[in-house]
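Trainee: My questions concern the predicted model and sequence given below.
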Amino acid sequence: MKRIRIWINLALVLLVAFALRRWGLAAESPGLEEIMGLSLAHGGLRAHLHSQFPDFAPPAYLIFLSLMTSIGGKLWAARFLSLLAGVAAPALLYLMGRRRLPSHAAGIAALMLAVNALHIFFSQEAQPTALFNLMTVAGLILLIRSAENNKLRDWLLYNAVAVAMVQTHRNGIFVVAAFALVHFIKPFLPPEPHVVGSVRPGRAVARAAINYGIILAISLPWLVISMPVDPPYLVTSVTALDFLAVFNRNFWFGVSTLIPFHLVFLAGAFYVLLLPPIIRAVRSMEFRIIAPLIAFIAALLLMFGVNHIPSERPISAAEAASITTPLFAVSVGILLALCNLYVRLSLVALALALALTGTVRQRQNEDKVPWNKLAVEVRRVADPKDLIVFWPDFTTTLGHYFLNEDYQIASAGELFEKWAGQPENPNVFFVLTQYPMEGYHANTFPGALSQYARTQKVWGDRMNQILQANTLDMATLRQWYQEPKSLNIIDAHTSATQFIFTPADAAFKDEKQFHYKRPDLNYDYEDGRRAVWTAKKDVELILPVTLAPGSYVLKVHCAPDYYQASTGVEHDREVTVEIRTGEERRTATITAETTLQRSFTTETEMKTLKVHITASPMLKLGRPENAQLGLKIYSISIDSLEGDNAF
């Protein structure tokens, strides 16, 4: 009867895991990591050794990926490998964990892993994460076996899995290092009655040191190759708060964005309710209970700690969460197993509700670059003789993957930095895609083309665009490409203009009053005009001028509307603006781009002009912008008074 129950439970775990992972196998366009990995698999060992980014397909993953692509040759075959690993991981956790984890813990942990939104996401991606998670499950159970039994066979099996883990994921070494910490702690824990025989602490530590020395020696060549690799895109610095947030966000809601507060609150409440079993687990000091908990926390801390070492590749909190998901599931399973029956059932129900909500919300995300659509549009509008230019430069790999050799393909860097003159092709198609990049290229590219070439948008989706351009002013474009921040389309001077101040001027470089350091807030994306947003309701500028006695008009070219190309979010606003110079003031309500004017007179020579601007109400932006915006200013000019300039 017990055997039948085991098989029924296993079948249920497999069914749930497969049902939740199957739907997305071909649902989304491939991502950068997937195409990079597939390109390495198609190129073979030589391409991998000479690749600039070998860590997109580490050696162990490359072997499996090459096998799958040789059978299917397409994206679905590579994703099917992740699907198999994703379904197998909770099943393996249940089978192997029954004998090595506390009673009921294996079943609960397997269920938690089967419904985990983050694990589901990577089980539908042609990335090494799902395969690594499967190895993590095996490694954790073999860790407990080898630490408790100290048998050669268990150590050999563990060593093989640990080496495979390091060779499967770029950050696998940190999970293995966390496992090593557990191994070195075990000899100093109180003896347990269910463990037969004992080994002196010194001998156990020596044996662990020898085995980890072997693991490191075998893994060292790959570590030397992969560790210094810089990412092709910008990875922002990670704070302690980011890592803490994964407990309330990624571990429950996967890659979902803009999670409502009540869901985050429920996730936090779940941990509060787990405090009694956490205390019970720490007091017990039973190895099978605390080993997964220590490994889980240690792995996260190691990855957070390495971000404080000068490096070009910080580990994002979401990436750290993705490779520790099995450890999270096991930790939750153990803690729930320590609760009484009614509390356990209630918390399992809450955990399932959170995880399934995360899975549903995750399906609504559309944050990937739609490469399938881009490729279709390029083939529709471009002839084989046309030049296709990709930006960022590393996306040429994706261009070759989707367009094969049917088109002449170049990177933007190659075009603007190496080409001496006009391209021979009558048309140049720029494929601009949305990846986090350092600098101002992303926010000024369409604007630069609109100003220095005859440009037409062929297709667009947020910051993913195809622009058709000809008659390129290569000299000016090359200068812009070398210093994209220099793009400064300013308002035209008139014969009456005495002074004009643009967002590039020092008058606006006050971080408390203006968002002058934010590329995403400093340019109108389509036409490249530079702007600066006020950061508070009331701002005061001190403009350096030299004005003779007379009458003048202060002109503030501004707009209240907000549009963020990266997210597609826009706000049409009605803003009340007050402009004051000295005792003179003017109030106006604006709903669109306009130029507000304020006449003033000076009877003495003026060296500075104080301008006080009030804009209300403020626009409060949540994540990811996290900013308060008042008024968008394009320029402030001072004209001598002529005709009807005053109002």
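Mentor: Thanks, I have it.
Trainee: For the closest residue to residue 144 other than its chain neighbours, list the residues it contacts.
Mentor: Nearest residue to residue 144, sequence neighbours excluded (CB to CB, 6 or more residues apart in numbering): residue 100, at 4.7 Å. From N, CA and C alone the C-beta is placed, and that goes for glycine too. Neighbouring residues of residue 100 by CB atoms under 8 Å, 6 or more residues apart in numbering: 141, 144, 145, 288.
Trainee: Top of those residues by number of neighbours, please.
Mentor: residue 141 (25 neighbours; other CB atoms under 10 Å).
Trainee: show me the contacts for that residue.
Mentor: Applying CB under 8 Å, 6+ apart, the residues contacting residue 141 are 93, 96, 97, 100.
Trainee: What residues sit buried inside the helix or strand hosting the second one?
Mentor: Okay, so that is residue 96. In this structure, residue 96 is located in helix 75-97 according to DSSP states H and E. For helix 75-97, the neighbour count (16 or more other CB atoms under 10 Å) marks 75, 77-97 as buried.
Trainee: Kindly report the same for stretch 32-49.
Mentor: Buried residues in stretch 32-49 (16+ other CB under 10 Å): 32, 33, 34, 35, 36, 37, 38, 39, 40, 41, 48.
Trainee: Is residue 371 in contact with residue 402, as I believe?
Mentor: Yes: judged on CB atoms under 8 Å, residue 371 makes contact with residue 402 at a distance of 6.1 Å.
Trainee: neighbour count winner among these two?
Mentor: For residue 371 versus residue 402, the count of surrounding residues by other CB under 10 Å is larger for residue 371: 23 against 20.
Trainee: do you know how far that one is from residue 434?
Mentor: 11 Å (CB to CB, to the nearest Å).
Trainee: again with residue 281
Mentor: Residue 281 is 44 Å from residue 434, by CB to CB.
Trainee: mind listing the strands for the stretch 401-550 of the chain?
Mentor: According to DSSP state E, counting those that start in this stretch, the stretch 401-550 of the chain carries its strands in the segments 408-411, 428-432, 454-461, 464-470, 497-501, 532-533, 538-547, 550-559.
Trainee: Now render those as TSV, adding mean neighbour count.
Mentor: Formatted as TSV, the strands of the stretch 401-550 of the chain follow (neighbours: other CB atoms under 10 Å):
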stretch	mean neighbour count
strand 408-411	18
strand 428-432	24
strand 454-461	16
strand 464-470	20
strand 497-501	18
strand 532-533	24
strand 538-547	15
strand 550-559	20
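Trainee: TSV for the ones you listed, including distance to residue 596?
Mentor: TSV is the format used below for those (distance: least, CB to CB, whole Å):
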stretch	distance to residue 596
strand 408-411	43
strand 428-432	34
strand 454-461	31
strand 464-470	32
strand 497-501	14
strand 532-533	16
strand 538-547	14
strand 550-559	5
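Trainee: Against which helices or strands is the helix holding residue 96 packed?
Mentor: helix 2-22, helix 32-49, helix 59-71, helix 105-115, helix 117-122, helix 129-149, helix 325-337 (3 or more CB pairs under 8 Å, 6 or more residues apart in numbering; DSSP states H and E).
Trainee: out of the ones you listed, nearest to residue 507?
Mentor: Closest to residue 507 of those is helix 32-49 (CB to CB; 40.4 Å).
Trainee: Who are the packing partners of the closest one?
Mentor: With contacts defined as 3+ CB pairs under 8 Å, 6+ apart, helix 32-49 has these neighbours: helix 59-71, helix 75-97, helix 396-403.
Trainee: contact partners of the shortest one?
Mentor: Spelled out, that is helix 396-403. Looking at helix 396-403 with CB under 8 Å, 6+ apart, the contacting residues turn out to be 32, 35-36, 38-39, 371-372, 374-375, 378-379, 388, 390, 407, 409-411, 431.
Trainee: can you check the first one too?
Mentor: Helix 59-71 is touched from outside by 37-38, 40-42, 44, 48, 57, 77-78, 80-81, 126, 128, 131-132, 164, 167-169, 222, with contacts defined as CB under 8 Å, 6+ apart.
Trainee: Let's see that with 6 Å instead.
Mentor: By CB atoms under 6 Å, 6 or more residues apart in numbering, the residues outside helix 59-71 that reach it are 41, 57, 77, 78, 81, 128, 131, 164, 167, 168, 222.
Trainee: go on, stretch 434-442?
Mentor: By CB under 6 Å, 6+ apart, stretch 434-442 touches 233, 234, 369, 392, 462, 463, 464, 484, 485, 519.
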